[in-house]
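In: pasting the sequence and the predicted coordinates here, then a few questions.
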Amino acid sequence: MNDKRMVDRPGFVLAFRLLAAFCACVPLLVLATNIASHSLGPDPGQEVTESLGLAAFQLLIVTLCMTPLKRWTGWVGWIRVRRMLGLFAFFYAVLHVLAFLQFILGWSDLWATFTKRPYIVAGALSFFMLVPLALTSTKGMMRRLGKSWKGLHKLIYLIAITAWVHFIWQARSDIGEMVAYGLVIVGLLALRWKWSGARGLIPFARG
Amino acid sequence: MFIKKRPSWALPHSEVTPESVYLNRRQFMSGTVAFAAGLSMPGLLSAAELPVPGESLDYVAMPGFSTDEKKTPFEDVTRYNNFYEFGTGKGDPARYADEMSVDPWSVVVEGECGRPGEYALEDLLKPHEYQERVYRLRCVEAWSMVIPWIGVPLADIIKRLEPNSRAKYVYFETLYDPDQMRGQRSLFSTIDWPYQEGLRMDEAMNELSFLAVGLYGKTMPNQNGAPIRLVVPWKYGFKSIKSIVKIRFQEERPKTTWEMLAPQEYGFYANVNPEVDHPRWSQKRERRLPSGLLSPNWMKTVKFNGYGEQVADLYKGMDLSKFY
C-alpha cells in the first residue's frame, strides 16, 4: 500500500481542484444560460449585476472557509484551492463592477456615484482592496513579500465586512438573508480571533 | 365640482375600443415579442402565447389621459413587481400573490366624511363607468413602465363619500393578513404592517388620481394590487398603494410606510423629481422596461413624471427639495 493516504495523492488533489474550479464557474454558467434563454425578466442588467456581485461575495466567504476546514480535517486539499477560489471571487467582482458601470450606471454620474452613495462606497472599497490581493497572489509575489504578504492578505477580513455592508445598505426592508451571511462572517472571523487573537484580524499587524 | 372636465371625458359609447382593435393588441404584442427577442429581452416568447388572464372589463378609453409611448408588455407588468407583502424579490409577488383571496372584498371608509362605513367593493364601484388610462409608472428605484390601467377617477369616489371641511388628507391602508401574505410573516422585515399611504386632499381630487381595478382590459392580477389600488402617476410608484382595505379622511397629515421606515430617503410627497436624488442613487434617469442587456433603455426622468401640466400647481411655492 502507498504510504500516502488516498486523499493526499496528487491525482486526488488535482481532481478536487478541478471540481472546485467547476463549482466556482457555476454562477457564470447559470447566468449565461439565463441570458441565452431570455429568462432574466424585463430588467436583465440589474439581474446580471446583482447575481455577479452575490457570486463574488459568496466565493469570498467560501475562500474564508478553507483555512478552518484545513485545521479541522488536517487535509491540505482545502489550502490548495484557496488561492483559486479567492481569484474567482475577484474575477466575479471585476465582472460585477463592469456590469454595474455598463448596465446600471451607463458610465455616467461616476464621480457623484462613487463619492455620495454610501453603499457604492462600501462596494468600491471592497473592490479596490481586493486588487492588491489578486496582484500579489502569485508564488513569486509571496516570496518577494515574505512576512508582509500575510499581513497584507489579512485585508480579506476587512473586505468581508465592507462587502457585507455593501449588501446590507441596499436592503430596503427585508434583511433576513444578509443577517444570515453576517452571522457566517462573524463566525469565520471569530475563529481567527480564537487562533491568533485580535491581531490575527488586523491587516499588517504582526500576528 | 372640483374638477375641470376635458371634452374627452364625455366620450360616447361608440368610442369604446372595438373588440377587433382590442384583439389586435395581441398581434401587436407578438410583433413586440419578435422584436424583443432580437434585443435579448427575456421571458416573453413562451408567455406571449398565453391569453391574458382575468375577467374582461367594459371600459371607455380616455385618450386625454393616455400616452402613445410603447406599453410595457403584460408579461413584464405582471412579473416584475414590488409588493413586499409577498416578498422583496421582483418575482415574489407573481409567485405568491395567488395566496391572497380578493373576493369578497370590502373597503372601510372612516374619518371626516358624511358617508363612513364598510363598503362591499361592488357597491363602492357600482355607479361608476370604468375608464382606461395609459399612464407612465416611475419607480423610486429608477425603472419605469407604461401601463394601461382600468379604473375610476379617485375624485368621483371621494365625492360620493362626502368628505367634510376638516378632511385635509386621505389615508389609505393595504390588507394586513399574514396568513395570505407571506412577506408580512417574515421575521426580518423592518416594515411595520399594514402598508400605509396618503395624499393631500387636493392631490387626491386631481384629475389624474385613479383607483384601478384592472389592467390590459382585464381584472387586476393579484400581484399588481387586486382588487383595487391607487395610481398616482406623477409620484414614485410606492405612493400607489395596492389592495386597499381602508380609506380615511383626516385633518392631520398621515405618516406613510416608507416615510416611517427611512424618512431621509422617502418623503410624504414623493413626487417624481430628477432634481432631487435619492440619498443612495440618482433620480436623473430611468430605465424604461423592458430593457435589453445590450441596449439598456435609458431615458431622462421628467419632473412630475411628465404630468407637470396637470399637477405642478399643487406644489406652487413649496420647496420640493425639502418636501420630497
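Out: Here it is on my side, so go on.

In: state which strand of chain B is the longest.
Out: In chain B, with assignment by DSSP state E, the single longest strand is strand B:143-153.

In: residue contacts, the closest residue in space to residue A:79 that isn't next to it in sequence?
Out: Using CB to CB, 6 or more residues apart in numbering or on different chains and skipping the chain neighbours, the partner closest in space to residue A:79 is residue A:70 (5.1 Å). Yep, even glycine has a C-beta here, placed from its N, CA and C like the rest. Shown in contact with residue A:70 (CB atoms under 8 Å, 6 or more residues apart in numbering or on different chains): A:76, A:78, A:79.

In: ok, of those, which come out buried?
Out: The neighbour count (16 or more other CB atoms under 10 Å in any protein chain shown) marks residue A:78 as buried among the contacts of residue A:70.

In: closest to chain B among the contacts of residue A:70?
Out: The nearest member of the contacts of residue A:70 to chain B, counting by CB to the nearest CB, is residue A:78 at 31.8 Å.

In: my guess is the closest one meets residue A:66, correct?
Out: Yes - the criterion here is CB atoms under 8 Å, and residue A:78 meets it with residue A:66 at 4.5 Å.

In: so where's the stretch 201-324 of chain B uncertain?
Out: Applying pLDDT under 70 to the stretch 201-324 of chain B flags no residue at all.

In: now with 80, please.
Out: The model of the stretch 201-324 of chain B has pLDDT under 80 over residues B:280-281, B:294-296.

In: what residues does it put near chain A?
Out: Neighbours of chain A within the stretch 201-324 of chain B, by CB under 8 Å from any CB of the partner chain: B:261, B:277, B:279-282, B:284-285, B:287, B:289-293, B:296, B:298.

In: out of the residues you listed, who's the most crowded?
Out: Greatest neighbour count in those, by other CB atoms under 10 Å in any protein chain shown, goes to residue B:290: 26 neighbours.

In: average pLDDT for stretch B:134-141?
Out: For stretch B:134-141, the mean pLDDT works out to 96.

In: how about the nearest residue to residue B:208, chain neighbours excluded?
Out: residue B:310 (5.3 Å).

In: contacting residues for the spatially most central residue of chain B?
Out: Nearest to the centroid of the C-alpha atoms of chain B, with distances taken as CA atoms, centre = their mean, sits residue B:231, at 3.2 Å. Residues in contact with residue B:231 (CB under 8 Å, 6+ apart) are B:133, B:135, B:137, B:149, B:151, B:209, B:210, B:211, B:212, B:240.

In: and residue A:177, what are its phi and psi?
Out: Backbone geometry at residue A:177, expressed as degrees, to the nearest 10, gives phi -60, psi -40.

In: against chain B, how distant is it?
Out: Going from residue A:177 to chain B by CB to the nearest CB, to the nearest Å gives 8 Å.

In: ok, now which ones touch that residue?
Out: Under the criterion of CB under 8 Å, 6+ apart, residue A:177 has no neighbours.

In: again, but for residue B:156
Out: residue B:128.

In: check it and give its pLDDT.
Out: Residue B:156 is given a pLDDT of 97.

In: just the one 10 residues further on next, same as before
Out: Residue B:166 carries a pLDDT score of 97 in this model.
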